Every structure is written in structure tokens, then in C-alpha cells.
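>>> no FASTA, just this:
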Ligand SMILES: C[S@@+](CC[C@H](N)C(=O)[O-])C[C@H]1O[C@@H](n2cnc3c(N)ncnc32)[C@H](O)[C@@H]1O
């Protein structure tokens, strides 16, 4: 991806067009209202989750509900000694990545954290994304450089054992050194992006591993990539609904069958 041009008109058009598009879905509107209330609570609550959430909330697009699920996921894989690293595909400004690293720190656990991203913003969606006309407005969005994310993690004291891999997932994942995965967080928005993550990483997820899909309910291409992959593999997991968008499942056996993540 080359230099991005900031077009002020496009910056304004994107949120407006997307808001109008999303308002057509009452379930999303209801979810946003509920999340607004729970986010207010997390701004003041003394709970362990809320304290960690407050450290990253300015750097993440993930809802507090999805971060709460990641919190459960990291604790689950550590406490149950699920083998492998933590992998995030799509880290943008590093909020959810920092959140996972802080959760590891709380648990005094040492796992490698892999962060895959273009670090130049979202690639263009394709015609395989059913909501292409809205999705394409995000091309180049969510951009943050490796240095910005590194600085953020360093400021929080969680920069050890983190591997940054720049480039399109389609090119970086087949060449990656990741061997085994305990927790896989897929947050790449588009059909081709999510498809590449599943095709290259699903088989590396250890039995019992936690798989979190950030965009299943929000971007239609992301959902399509997941549904097609599961169908092709003959896997029928229960996708636990985290919020309007997020889903979680656990890979329970070598053959890939899976069940509901524990609470
Ligand atoms: C919604 S943002 C991730 C949000 C982040 N997890 C957070 O906490 O805010 C999606 C990210 O996925 C990255 N991405 C999407 N498709 C990609 C692809 N095919 N290859 C590399 N990065 C990709 C984008 O660059 C962007 O940073």
C-alpha cells in the first residue's frame, strides 16, 4: 500500500453513510445502547477487567463486551494450560493486543503474542464483501504504524515477547513462524482477510484453543468467510454470541469439533 491521501470530504462521508446504513438494523442500535451503558460502568468500576479496559479503551475499536470475551479467553488458555501463543490478526492501534498482553501480565503468564497487520490501514474490500459499498469507504482506515503500536505497548510495560509481522495476511501468514496457537483473535473485517486467517491459522490452533471472531455480526464478508470455512471443513461449532458483532468458539479436539467456551 502506498502513501494514503487524507481527503476531508471522504472522512466526513464515511461515518455519515455508515451511520445511515447501520441505523436500518434495530438489533445493532439496541446493542449500541446497551454497550453505551456498560461502557459507562467500565469507566468507573473497580473490577480487574474494568481497570485493564480503561488502559486501552482509547486505542481500540473493540467493544468492552468483546474485550471481556478476550479476557475470559486469555484466562481460560492460561489456567487450562492450552498450548501455544496468542495471535491477533488485525491490531490497528494496538488496543486489543495491549489488552491481551496486560491480561497475561495480571496472570503472571508468559506467552508470545503475535500481531499481524498491514500497519498501513485496511486494504480494500472486494466484491466478495456483500456490503462492499460501505466497506470500501474504510479503505486505508484504522492505520497505525508498528512504531506507534510498539510505543503504546512499551508505555504500558507489556512490550516483551511481542512479534510484529507487517504485510497483507494473504502474504504474511503462509510464511509466518507461528507454530501453535492457544488463542486466535481474528479482527480483519473483510472476506479475503478473514478467509486467509482461517485457512492459514485454524489448523495451528491447539485442541482447546480459543477462537474469537470480531466482525462476524458486523461485516457481512467476515461472516461469509467464517460460514464458508466451517462448512467446507464440516465443522459445526456453537458460535457464542458476545455482542452484536463478536463470536467465540473453542476447538476441542484434534479433528476440529468444538463447543461452547466456558464462562
Ligand atoms: C478493525 S481494525 C482492528 C482493531 C483492533 N483489534 C483494535 O483493538 O482496535 C482491522 C485491522 O485489520 C487490518 N487488516 C485487515 N485486513 C488485513 C489484511 N488482509 N492484511 C493485513 N492486515 C489487515 C487493518 O490494517 C486494521 O488495522
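Received, thanks. Owing to the predicted nature of the structure, the values given are computational and were not obtained by experimental measurement.

>>> helix/strand/coil for the closest residue to residue 145 other than its chain neighbours?
The shortest distance from residue 145 to any non-neighbouring residue, by CB to CB, 6 or more residues apart in numbering, is to residue 119 (5.4 Å). Any C-beta I mention is one placed from the backbone N, CA and C, and that applies to glycine too. In three-state terms, and counting by DSSP: H, G, I helix; E, B strand; the rest coil, residue 119 is coil.

>>> show me the contacts for residue 119.
143, 144, 145, 146, 149, 164, 166 (CB atoms under 8 Å, 6 or more residues apart in numbering).

>>> switch the cut-off to 10 Å
Contacts for residue 119 (CB atoms under 10 Å, 6 or more residues apart in numbering) come out as 1, 91-92, 143-149, 164-167.

>>> swap in residue 83?
Residue 83 touches 77, 111, 179, 180, 181, 182, 206, 207, 208, 209, counting by CB under 10 Å, 6+ apart.

>>> among those residues, name the ones in helices.
Assigned to helices by DSSP state H, the following of those qualify: residue 77.

>>> the contacts of residue 83 in strands, which ones?
The strands, defined by DSSP state E, take in 181, 182, 206, 207, 208, 209 from the contacts of residue 83.

>>> could those residues be laid out in TSV, adding neighbour count and pLDDT?
Shown next, in TSV, are these (neighbours: other CB atoms under 10 Å; pLDDT from 0 to 100):
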residue	neighbour count	pLDDT
181	25	98
182	24	98
206	19	97
207	15	96
208	18	95
209	25	97
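
>>> redo those residues as a markdown table? Include distance to residue 219.
What follows is the ones in strands among the contacts of residue 83, written out as a markdown table (distance: CB to CB, whole Å):
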| residue | distance to residue 219 |
| --- | --- |
| 181 | 23 |
| 182 | 25 |
| 206 | 27 |
| 207 | 29 |
| 208 | 28 |
| 209 | 23 |
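
>>> rewinding a little: distance of the residue nearest to residue 145 from the ligand?
Computed as CB to the nearest ligand atom, to the nearest Å, the residue 119 to the ligand distance reads 7 Å.

>>> quick check: residues of the stretch 1-150 of the chain near the ligand?
Proximity of the stretch 1-150 of the chain to the ligand is confined to 60-62, 90-93, 95-96, 117-118, 121-123, 142 under the rule CB under 6 Å from any ligand atom.

>>> out of these, grab the one that's most surrounded.
Counting neighbours by other CB atoms under 10 Å, the top entry in these is residue 117, with 30 neighbours.

>>> return the residues in contact with it.
Under the criterion of CB under 10 Å, 6+ apart, the neighbours of residue 117 are 88-94, 97, 142-146, 149, 164-169, 172, 187-188.

>>> and the pLDDT for the residue in the stretch 51-200 of the chain that the ligand sits nearest to?
Per CB to the nearest ligand atom, the residue of the stretch 51-200 of the chain with the smallest distance to the ligand is residue 90, at 2.9 Å. Residue 90 is assigned a pLDDT of 98 by the prediction.

>>> for it, what are its contacts?
Contacts of residue 90 (CB under 10 Å, 6+ apart): 61-62, 96-97, 115-118, 122, 142, 169, 185-190, 193-194, 197, 214-215.

>>> before we move on, what about residue 74?
Contacts of residue 74 (CB under 10 Å, 6+ apart): 86, 99-104, 106-107, 109, 111, 113, 182-183, 185, 210.

>>> let me know the secondary structure of it.
helix.

>>> if I look at it, how far off is residue 165?
Distance check for residue 74 against residue 165: by CB to CB, to the nearest Å, it reads 20 Å.

>>> one more: residue 155?
In terms of CB to CB, residue 155 sits 21 Å off from residue 165.

>>> again, but for residue 27
35 Å.

>>> would you mind telling me which of the two has more residues around it?
residue 165 (19 against 9).
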